[in-house]
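Visitor: no letters, just coordinates:
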């Protein structure tokens, strides 16, 4: 299946089970939300998970673009992206987790054709506040899926306070040989998480205590690019079909090793999507995240060849990304904005070289020096060390 077929299969499966499809939001949360970007499919639905009626009912399904800066240092491995899409299904006080997990198993094995023997799950094992999730455990045992009980790994929250609850995560085996009898998701990273089902029943207060939410919800999230890569037999998210144009056009343009190619492709793609949702570079907030993405790209590109420029980026890549994320921006305008940001960075580097020529920085640099250069002059650690 290509990615669009996966989306269609997912949405139609849940529509057949009474879910209404809702339109995903942009990356920008509603005014007043303290979070810079939408980080998960449930984020825009938080008021409804807390009890406010949704105009489309109590069973929902959608496709939502997300951005996570917490994973920036992980980008380049097999599974992490900065901007990605999540497929989600929700029960707003309707059915319980057992139904969600049962449907999830059916979709994976029947709808997507995954061998049931390649699945493993984890379930919340209980702590001093909440007991073990026996409903999920019994469901998986009845389905014949191996289960691992954990505590911290199977408790979901969107922050230190707010809605939370036990979850059950579904993993797919990616090894070249069958998993051994002692192989579990916490012991073997060849088990890759593909779908998380959260039984969102609690609210955590500032003192750490838990109180019941007005309704017992189910919130599920499935990483689209991750699932696509696995169903397509690819080794990483960067090899699934949505990255095909990037992998075709970037290597002839800039000769990069694989980790660098992944980072450049991810950050440029993410920058296009962020710009497409109306963000412009700045020194604070969302604009700073965008600026940081662009400068991380340039730092990698200039590591071996200072003549590389974002002006060489094919407009077709920008257009493909905007189209994929259903954005209506002008590809030429996006490119001009990225190039303007490159010119600003060039001017910053020129000032940075002058700063580094001062007597204070002629010797070895310590952590305080590096923090000062970053916080005061906007010079990334990697670039400072290269300029030295």
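Guide: Looks like it came in fine. Treat the numbers as computed from the prediction; the structure is a model and nothing was measured.
Visitor: make it CA atoms for all contacts and neighbour counts henceforth
Guide: Fine.
Visitor: residues making contact with stretch 26-33?
Guide: With contact meaning C-alpha atoms under 8 Å, 6 or more residues apart in numbering, stretch 26-33 is reached by 35, 36, 37, 38, 39, 44, 64, 65, 66, 67, 274, 277.
Visitor: same question for stretch 126-138.
Guide: With contact meaning C-alpha under 8 Å, 6+ apart, stretch 126-138 is reached by 97, 98, 101, 123, 124, 125, 147, 150, 151, 166, 168, 210.
Visitor: am I right that the third one falls within a strand?
Guide: No - membership of residue 101 in a strand is not supported by DSSP: H, G, I helix; E, B strand; the rest coil, which gives helix.
Visitor: how many other residues sit next to it?
Guide: By the measure other C-alpha atoms under 10 Å, the count of residues near residue 101 is 23.
Visitor: spit out the contact partners of it.
Guide: Residues in contact with residue 101, defined by C-alpha under 8 Å, 6+ apart, are 136, 139, 197.
Visitor: so can I have TSV of those residues showing pLDDT?
Guide: Shown next, in TSV, are these (pLDDT from 0 to 100):
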residue	pLDDT
136	97
139	97
197	98
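Visitor: just these: which are in helices?
Guide: Among those, the members found in helices (DSSP state H) are 136, 139.
Visitor: between the contacts of residue 101, which sits nearest residue 259?
Guide: Minimum distance to residue 259 across these is 31.1 Å, recorded for residue 197 (C-alpha to C-alpha).
Visitor: let me know the helix or strand that the residue nearest to residue 36 when sequence neighbours are not counted is in.
Guide: Leaving aside its chain neighbours, residue 36 sits nearest to residue 286 (6.0 Å; criterion: C-alpha to C-alpha, 6 or more residues apart in numbering). Under the criterion of DSSP states H and E, residue 286 resides in helix 285-301.
Visitor: tell me where this structure has strands.
Guide: Using DSSP state E, the strands found in the chain span residues 20-21, 59-67, 83-91, 119-124, 147-150, 155-157, 162-173, 191-204, 210-223.
Visitor: mind listing residues that contact the fourth one?
Guide: With contacts defined as C-alpha under 8 Å, 6+ apart, strand 119-124 is touched by 132-133, 136-137, 140, 145-155, 166-173, 184-185, 191.
Visitor: now the buried members of the residues you listed.
Guide: Those of the contacts of strand 119-124 that meet the buried threshold are 132-133, 136-137, 140, 145-150, 153-155, 166-173, 184-185, 191, by 16 or more other C-alpha atoms under 10 Å.
Visitor: about what we covered before: of all the strands of the chain, which lies closest to residue 373?
Guide: Taking C-alpha to C-alpha, strand 59-67 is the member of these nearest to residue 373, at 27.0 Å.
Visitor: direction included, what does the closest one pair up with?
Guide: Taking DSSP bridges as the criterion, strand 59-67 sits next to strand 20-21 (parallel), strand 83-91 (antiparallel) in its sheet.
Visitor: quick one: contacts of the longest one?
Guide: Around strand 83-91, the neighbours that count as contacts under C-alpha under 8 Å, 6+ apart are 7, 10, 14, 19, 40-42, 58-68, 217-225, 266, 269-270, 273.
Visitor: 7 Å instead?
Guide: When contacts are defined by C-alpha atoms under 7 Å, 6 or more residues apart in numbering, strand 83-91 is touched by residues 41, 58-68, 217-225, 270.
Visitor: next, the angle strand 191-204 makes with that strand.
Guide: Interaxial angle, strand 83-91 versus strand 191-204 (axes from the mean of the first three to the mean of the last three C-alpha atoms, to 10 degrees): 60 degrees.
Visitor: run the angle between strand 83-91 and strand 210-223 for me.
Guide: 130 degrees.
Visitor: thinking again about what came up before, dump the strands of the chain to JSON lines, plus distance to residue 315.
Guide: Below are the strands of the chain laid out as JSON lines (distance: least, C-alpha to C-alpha, whole Å):
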{"stretch": "strand 20-21", "distance to residue 315": "32"}
{"stretch": "strand 59-67", "distance to residue 315": "22"}
{"stretch": "strand 83-91", "distance to residue 315": "19"}
{"stretch": "strand 119-124", "distance to residue 315": "41"}
{"stretch": "strand 147-150", "distance to residue 315": "47"}
{"stretch": "strand 155-157", "distance to residue 315": "39"}
{"stretch": "strand 162-173", "distance to residue 315": "36"}
{"stretch": "strand 191-204", "distance to residue 315": "32"}
{"stretch": "strand 210-223", "distance to residue 315": "27"}
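Visitor: the residue lying closest to residue 301 once chain neighbours are set aside - how many residues pack around it?
Guide: Nearest in space to residue 301, with sequence neighbours left out and distances taken as C-alpha to C-alpha, 6+ apart, is residue 308 at 6.4 Å. A count of neighbours around residue 308, defined by other C-alpha under 10 Å, yields 14.
Visitor: over to residue 368?
Guide: When neighbours are defined as other C-alpha under 10 Å, residue 368 has 9 of them.
Visitor: check the one 3 residues further on too.
Guide: For residue 371, the number of neighbouring residues by other C-alpha under 10 Å comes to 15.
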